[in-house]
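Participant: coords please:
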Amino acid sequence: MFDLRYHVASLTAVFVALVIGILVGVGLSGKGFVNDAERENLTSKISALQQQGESAQESLDSATRVEEALRRFADETYPTVVPGRLEGKRVAVLFVGPVDAGIAFSVRTGVVDAGGTIVRTRSIRVPLDTKRVEEILKRQPSFRRVQGVAQLANLGGALGTELVNGEATPLWDALDETIVLERKGLSTPPVDAVVVVRSAEPQRGPTKAFLAGAYSGLARAGGVAVGVDASGTGASAIPAFALSGLSTVDSVDTSAGRLALVLVLGGATPGSYGVKEPATDGILPPVTSSPQPG
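Facilitator: Model prediction:
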């Protein structure tokens, strides 16, 4: 779970490689290629590297113990802290790319366990078919403000606002067949919070601008907006989410991640939470008391 474990493992591999290289050097020195002084220097380096390797292994063991303690803490705290924290809250989920069933399950589990409801889910197709989008937007004069490649960020922002506010959603309705891969739930109810997941690869060019606008629009829409990802080692969207003003939670497929997500959705201090390096605000936001269901 901890990125530190991967760093320590990498350092250990480097140390091993260096030791092997030096041992080869010492072996060659035994055949007369280097003098005694050089052999002593190589031996000293081996000793120092062995000490560093032992230190790296100790750090790895420590990280493993902390990871296990965190897992136990989250498992034990979750059923006590979560119930009732999102009572009556309505949540929307937006996938950039196809719906990831595993992450969708984790998000839904957290929201439902906390008493909330996911009222709609949308997944959007990327990269964006900008030509087709432009053709559709030109049909209605009311969309003039978001027409053109230069306005893609504004288009994304407007779609983000519609997703949160519900009621009339003219842009989503017009672009549905072009940008929507999957839809579930009605568009009309306003929501209190949005969870954003990027299941697709990082995007470039016009689509990147469109997505940045969408994330910013969600962050400005007035509800709570949280970008999440899973605990895998693939390309993370967390930095892009944070750059656009979203709160973030990594490893949402773990108890700690779901707990952090519920806390943020429930009004905890916005920030970047989790166990990976981009989580600058810690593993969990401050846990405050919350009413339990009767």
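Participant: mind listing the helices for the stretch 101-250 of the chain?
Facilitator: 101-113, 130-137, 152-165, 170-179, 205-220, 238-243 (DSSP state H, counting those that start in this stretch).
Participant: okay if I get these as a markdown table plus distance to G274 and mean neighbour count?
Facilitator: Bear in mind the C-beta positions are built from the backbone N, C-alpha and C, glycine included. Formatted as a markdown table, the helices of the stretch 101-250 of the chain follow (distance: least, C-beta to C-beta, whole Å; neighbours: other C-beta atoms under 10 Å):
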| stretch | distance to G274 | mean neighbour count |
| --- | --- | --- |
| helix 101-113 | 13 | 19 |
| helix 130-137 | 33 | 15 |
| helix 152-165 | 23 | 22 |
| helix 170-179 | 29 | 16 |
| helix 205-220 | 18 | 22 |
| helix 238-243 | 8 | 19 |
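Participant: isn't T254 right up against D75?
Facilitator: No - using C-beta atoms under 8 Å as the test, T254 is too far from D75 to be in contact (9.4 Å).
Participant: which one's more surrounded, these two?
Facilitator: Neighbours were counted for T254 and for D75 using other C-beta atoms under 10 Å; T254 has more, 20 against 13.
Participant: may I have the phi/psi pair for the more buried one?
Facilitator: phi -110, psi 170 (degrees, to the nearest 10).
Participant: separation between the closest residue to it other than its chain neighbours and T288?
Facilitator: With C-beta to C-beta, 6 or more residues apart in numbering as the criterion, T254 has its nearest non-adjacent residue at 5.8 Å, and that residue is S231. With the distance defined as C-beta to C-beta, to the nearest Å, S231 ends up 26 Å from T288.
Participant: please enumerate the strands of the chain.
Facilitator: 90-96, 117-124, 180-184, 193-198, 224-228, 247-249, 272-273 (DSSP state E).
Participant: please work out which of the ones you listed is packed deepest.
Facilitator: Of all the strands of the chain, strand 247-249 has the most neighbours on average by mean count of other C-beta atoms under 10 Å, namely a mean of 30.
Participant: helices and strands around that one, which ones?
Facilitator: strand 224-228, helix 238-243, helix 255-265, strand 272-273 (3 or more C-beta pairs under 8 Å, 6 or more residues apart in numbering; DSSP states H and E).
Participant: tell me the strands beside that strand, with direction?
Facilitator: Next to strand 247-249 in the sheet, as set by DSSP bridges, lie strand 224-228 (parallel), strand 272-273 (parallel).
Participant: reformat those strands as TSV; add distance to G282.
Facilitator: As requested, the strands paired with strand 247-249 are arranged in TSV below (distance: least, C-beta to C-beta, whole Å):
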stretch	distance to G282
strand 224-228	15
strand 272-273	6
